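S.K.: Let me see the structure of the following:
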Amino acid sequence: MEKLLSPQEVAAIIGVRVGTVYSWISRGVPIPHVKISGTIRFQEKSLRGWIEEKERERKKRNFEL
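M.R.: Predicted structure coming up:
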C-alpha cells in the first residue's frame, strides 16, 4: 500500500504553509485528498499527478500569451 502523506508533508513538498493546504481544501481547490476518521491524508501518486497537471496548465497558459 502506498504511504499516505500528512498536510505538513504536502506543504513541504509544494513549498507552502500548512494553513494554505487546509485553506485550499476548505475552499474546494481540487487538490486530491481523502478524509479518514476526520484526518486529511494525501496519496503521493495522486498529489504528484495534480502537481504535474498544474505545471501543464501553466505551460499552456504561457504558450497562449
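S.K.: can we go C-alpha only for contacts and neighbour counts from here?
M.R.: Noted.
S.K.: Helices of this structure, start to end?
M.R.: Remark: helices assigned in the chain by DSSP state H are 7-14, 18-27, 44-64.
S.K.: Just say which of the ones you listed is most tucked in.
M.R.: Comparing the helices of the chain by mean neighbour count (mean count of other CA atoms under 10 Å), helix 7-14 ranks first with a mean of 15.
S.K.: Low-confidence bits of this protein, can you list those?
M.R.: Within the chain, the ranges that satisfy pLDDT under 70 run 64-65.
S.K.: What's the biggest strand in it, counting residues?
M.R.: Counting by DSSP state E, the longest strand found in the chain is strand 39-43.
S.K.: tell me the contacts of the most centrally placed residue in the chain?
M.R.: Centroid-nearest residue in the chain, with CA atoms, centre = their mean: residue 31, separated by 4.2 Å. Listed by CA atoms under 8 Å, 6 or more residues apart in numbering, the contact set of residue 31 reads 24, 25, 47, 50.
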